[in-house]
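>>> structure, please.
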Amino acid sequence: MKKMTRMPRSEVSSTCSPGHCCYYLSGRVGGRYPIELHAGRRTSESSSLSVWRPCVKLRCPSSIFSDRGELESKAAIQSVGLARSYPRPKHLLPTTRQHSHSTKHDMSSTRKNNDDPWSSSDDEDDDSDDENVELDAETPFYSICTYCKSDAPKFDTLALALEYDVTNYGFDLLRSGALMSSNDEDDFFEGAIVLINKCRQFVKDNQAKFSGTELGQELNNYLKDHKVDDDGDAKYYKPVLDDDSMLMCIDELCELKRQTEQESQADASAAGNNKSDPESDDKMEQLQAKISMLEEQLSRAKGYIAALANDDDDKSLSDDSRSGDDGDKIQATSAKQTNKKPDNDTYYFSSYSHTGIHETMLRDTVRTAAYEEAILSNADSLFRDKVVLDIGCGTGVLSLFCAKAGAKQVIAVDNSDIIKQAREIIELNGYSHVVTCVRGKCEDLIANNALPLDGKTVDIIVSEWMGYALFFETMLPSVMVARDALMTPETGSMFPNVAKIFIEGCNETERLDYWNDVHGLNMTPMKERMVSELTQDAHVEIVSDENIVTDRKEIITFDLNTCKDADLDFEVPFDLHLRDDDKSRNELQIHSLVISFDIDFAVPNTKSVQFSTGCQSTPTHWKQTQLWFDPVHNCPVLNREAGDSMKGVFRMKRNVKNHRAIDMSVVWEVGREAGSGWERISDGVLKRSLIA
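Model (predicted):
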């Protein structure tokens, strides 16, 4: 191994501002031999006196040194991040935090004016000023999981920052298996630097993908999958967050880690004592027995629900499965159940077997009257003597409208047992000679050639497939299968044929402030609880137009005659401004984003009919879908006089585990046009789901 000569501090840095911690290296080169990092602090602009103490042994890759063993360049050292401040624990570099404006320095300004962050001293061994070294008292702590947000919460202590991650993200740095034991301070110091920067880099790269406890879980998984790698971890000696207070208080982190280890040992000891308690053992057995009983009840309930979806005439087993050896049949059934995919269709079709849902839809006069007008007013131009396919016919109301409009043949398809009542209703109204009811899933009926078409195509496909936020329940893909397989090319049409999604901003201050004074009582803890509930998932509610504070923006349009299945998972930009019709309030919070849709029956050369589910229109059973921000901790604010607007990207996609549910996310920022361009004021990521 070659001896690395110590570079004179006057050579490696001469422009460090007073009070700033800086470093230089000495040691040996080769393999994993440690390099010593020395820390110093310049005390004044005129004085060359600084405190220089050995800090820590870092495992640096030998590639940053030349064959002569000297530093190849300061840039090479900076590339692995050793040119930033990593103060040593208290016994080497005291970390007294004092609240004094006179000792505060603007680090970003220093870096801008001084390209070389290394400090100098003429007296290498003078430790006389050691006890005067202080950290900037006004540099806050940022938690691991929130630091890269523009409005990230700031904490006065390291413990509070770490506890925030545990409470809000489920990530516990102190109990992470990736954080080394506190027994060896040198190894702990080095490992903690790498771990903190590794965690911050992961959060920076993934904050748009994950949020809340999901982000914490993904970070935990990442650390489990990425163990210590001496060569690969070299890049994490460079701070991800400038002026990171966590890196400046590794000694405090070490002490917190030591306390955590002691608590874990005490808990383990207490658990061991409990094991010897016969009464505790009896309670555990009782709880386990109760869990087993509840799991069995749940399994039975799921079986009953699945059975309700089957028609009385359906058979649970085919004739083939009933024959043969019982043992073979049981094994085959067991293997089939083991490989069975999650059933997200049974409960869906079963839900449409209940009267209530059909009554709700029929009583929705906006919906039902729009279909009636669109069909009957276009009897001559569109329906007379045509073949019509009604997918998801329910009670058969749309099929009857088509028959009244003069259709030659109507095929009404539904996969729930409401089809029985549909047949009776159609016959009762005298149209059984026109309308044929078929039970089954549309895709299966087409694949098995089970529709009474005799080789014909259909001229019109009528369907009321829309769900909350337009795509909830994901029925449209089934209708599109029929479109592509059965609709007459060129002249055939979906009806309706156009769908549009809109977004707008909502402010519900009155709803939130209600808890401030309830019959003269302060109930603000209920506000926190309500906000916690509202921010869990997307909510379907009727939103008053009085609470809408931005314009209503169309974000995407679907031509239902041509759109593809892949188009239904999308992301689009949006831009919202405060409404012009209410200028009484200059600054407004956006508490939620409201999603709605419009439907058009607009086939060329026919009478156009349209209905809307927006807040400005008569409410429908679809209501509106609300994506709530956290109005207490992180809420966009628009200033009218400043010309603020809210820009972002809205994303909607089908849920991976249940395709009938939808996931929505919004990456947003608030800002204004300034002389130099767009000036960002705040930003964030919003993720909500509609669960089926």
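>>> now do the strands in the stretch 151-300 of the chain.
Counting by DSSP state E, counting those that start in this stretch, no segments of the stretch 151-300 of the chain form strands.
>>> pLDDT below threshold where in it?
Scanning the stretch 151-300 of the chain for pLDDT under 70 picks out 182, 186, 228-231, 267-283, 285-286, 288-290, 292-300.
>>> let's see 80
151, 176-178, 180-187, 208-213, 225-234, 264-300 (pLDDT under 80).
>>> tell me where it has helices.
Along the stretch 151-300 of the chain, counting by DSSP state H, counting those that start in this stretch, helices occupy 158-169, 185-206, 212-225, 245-248, 250-275, 278-308.
>>> just the CA trace of the second one, in PDB.
Yep, that's helix 185-206 we're talking about. C-alpha atoms of helix 185-206 as PDB (Å, rounded to 0.1, in the frame of the first residue of the first chain):
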ATOM      1  CA  GLU A 185     -19.400   4.500  17.400                       C
ATOM      2  CA  ASP A 186     -17.000   4.700  14.400                       C
ATOM      3  CA  ASP A 187     -19.000   2.100  12.400                       C
ATOM      4  CA  PHE A 188     -22.300   3.600  13.500                       C
ATOM      5  CA  PHE A 189     -21.200   7.100  12.400                       C
ATOM      6  CA  GLU A 190     -20.200   6.000   8.900                       C
ATOM      7  CA  GLY A 191     -23.200   3.700   8.500                       C
ATOM      8  CA  ALA A 192     -25.600   6.400   9.700                       C
ATOM      9  CA  ILE A 193     -24.400   8.900   7.100                       C
ATOM     10  CA  VAL A 194     -24.800   6.300   4.300                       C
ATOM     11  CA  LEU A 195     -28.300   5.200   5.500                       C
ATOM     12  CA  ILE A 196     -29.700   8.700   5.900                       C
ATOM     13  CA  ASN A 197     -28.600   9.800   2.500                       C
ATOM     14  CA  LYS A 198     -29.800   6.500   1.000                       C
ATOM     15  CA  CYS A 199     -33.200   6.900   2.500                       C
ATOM     16  CA  ARG A 200     -33.500  10.600   1.400                       C
ATOM     17  CA  GLN A 201     -32.500   9.600  -2.200                       C
ATOM     18  CA  PHE A 202     -35.200   6.900  -2.200                       C
ATOM     19  CA  VAL A 203     -37.900   9.300  -1.000                       C
ATOM     20  CA  LYS A 204     -36.700  11.900  -3.600                       C
ATOM     21  CA  ASP A 205     -37.000   9.400  -6.400                       C
ATOM     22  CA  ASN A 206     -40.300   7.800  -5.300                       C
END
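>>> make 47 the first number, not 1, from now on.
Renumbered: residue one is now 47, and that last one reads helix 231-252.
>>> identify each buried residue in that helix, please.
Going by neighbour count (16 or more other C-beta atoms under 10 Å), the buried part of helix 231-252 is 231, 234-249. Heads up, the C-betas are built off the backbone N, CA and C, glycines and all.
>>> how close does residue 557 sit to residue 677?
10 Å (C-beta to C-beta, to the nearest Å).
>>> ok, residue 591 touching residue 662?
Yes - with contact defined as C-beta atoms under 8 Å, residue 591 reaches residue 662; the gap is 5.0 Å.
>>> could you measure from residue 484 over to residue 443?
17 Å.
>>> cool, residue 511 as well?
For residue 511, the distance to residue 443 - C-beta to C-beta - is 15 Å.
>>> ok, now residue 212?
From residue 212 to residue 443 the distance is 54 Å (C-beta to C-beta).
>>> in contact with residue 638, which residues?
551-552, 554, 580, 672-675 (C-beta atoms under 8 Å, 6 or more residues apart in numbering).
>>> need phi/psi at it.
Main-chain dihedrals, residue 638, degrees, to the nearest 10: phi -160, psi 160.
>>> who's it bridged to?
residue 552, residue 674 (DSSP bridges).
>>> model confidence for it, exactly?
pLDDT, residue 638: 97.
>>> over to the one 5 residues further on?
pLDDT recorded at residue 643 is 97.
>>> what does residue 588 give?
For residue 588, pLDDT reads 96.
>>> doesn't residue 671 make contact with it?
No - using C-beta under 8 Å, residue 588 makes no contact with residue 671, being 11.1 Å away.
>>> okay, the two: which has more neighbours?
Each of residue 588 and residue 671 has its neighbours counted (other C-beta atoms under 10 Å); residue 671 has more, 27 against 10.
>>> in the stretch 547-696 of the chain, which spans are helices?
For the stretch 547-696 of the chain, the helices defined by DSSP H, counting those that start in this stretch cover 555-559, 570-580.
>>> let me have those helices in TSV, adding mean pLDDT as columns.
Shown next, in TSV, are the helices of the stretch 547-696 of the chain (pLDDT from 0 to 100):
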stretch	mean pLDDT
helix 555-559	93
helix 570-580	93
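>>> which residue sits closest to residue 491, ignoring its sequence neighbours?
residue 497 (5.4 Å; C-beta to C-beta, 6 or more residues apart in numbering).
>>> what of residue 571?
Residue 571's closest residue in space is residue 561 (C-beta to C-beta, 6+ apart), at 8.0 Å.
>>> residue contacts, the one you found?
Counting by C-beta under 8 Å, 6+ apart, residue 561 touches 569-573, 576.
>>> can you select the buried ones from these in PyMOL?
Only the buried entries of the contacts of residue 561 go into this PyMOL selection, using 16+ other C-beta under 10 Å:
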select buried, resi 573+576
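>>> ok, the contacts of residue 561 vs residue 302, which is closest?
Nearest to residue 302, judged by C-beta to C-beta, of the contacts of residue 561 is residue 571 at 29.7 Å.
>>> so where's this structure uncertain?
47-185, 193-197, 222-224, 226-233, 254-259, 271-280, 310-399, 628-630, 738.
>>> sorry, back to before: neighbour-wise, which of residue 484 and residue 443 wins?
residue 443 (20 against 17).
>>> so the more buried one sits against residue 414, correct?
Yes - Residue 443 lies in contact with residue 414 (C-beta under 8 Å); the separation is 6.9 Å.
>>> can you list residues touching both of these two?
residue 408.
>>> which ones are touching the residue nearest to residue 491?
Going by C-beta under 8 Å, 6+ apart, residue 497 touches 435, 457, 459, 484, 491, 532.
>>> hmm, 10 Å instead?
Going by C-beta atoms under 10 Å, 6 or more residues apart in numbering, residue 497 touches 435, 457, 459, 482, 484, 486, 488, 491, 504, 528, 531-532.
>>> the residues you listed, buried ones only, as a PyMOL selection?
The following PyMOL line selects those of the contacts of residue 497 that are buried, judged by 16+ other C-beta under 10 Å:
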select buried, resi 435+457+459+482+484+488+491+504+528+532
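>>> taking the contacts of residue 497 together, which two end up most distant?
482 and 531 (18.0 Å).
>>> picking that back up, and the contacts of residue 638, which is closest to residue 422?
residue 672 (34.8 Å).
>>> wait, that closest one touches residue 641, no?
Yes - the pair residue 672 / residue 641 is scored as a contact, 7.7 Å apart, by C-beta atoms under 10 Å.
>>> and for these two, which residues touch both?
515, 584, 586, 734.
>>> possible to save those residues as a markdown table with distance to residue 304?
Shown next, in a markdown table, are the shared contacts of residue 672 and residue 641 (distance: C-beta to C-beta, whole Å):
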| residue | distance to residue 304 |
| --- | --- |
| 515 | 50 |
| 584 | 44 |
| 586 | 50 |
| 734 | 41 |
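>>> show me which pair in those residues is furthest apart.
Most distant of the shared contacts of residue 672 and residue 641, by C-beta to C-beta, are 586 and 734, 11.4 Å apart.
>>> more neighbours: which of the two?
For the pair residue 586 and residue 734, the greater number of neighbours falls to residue 734 (24 against 17), based on other C-beta under 10 Å.
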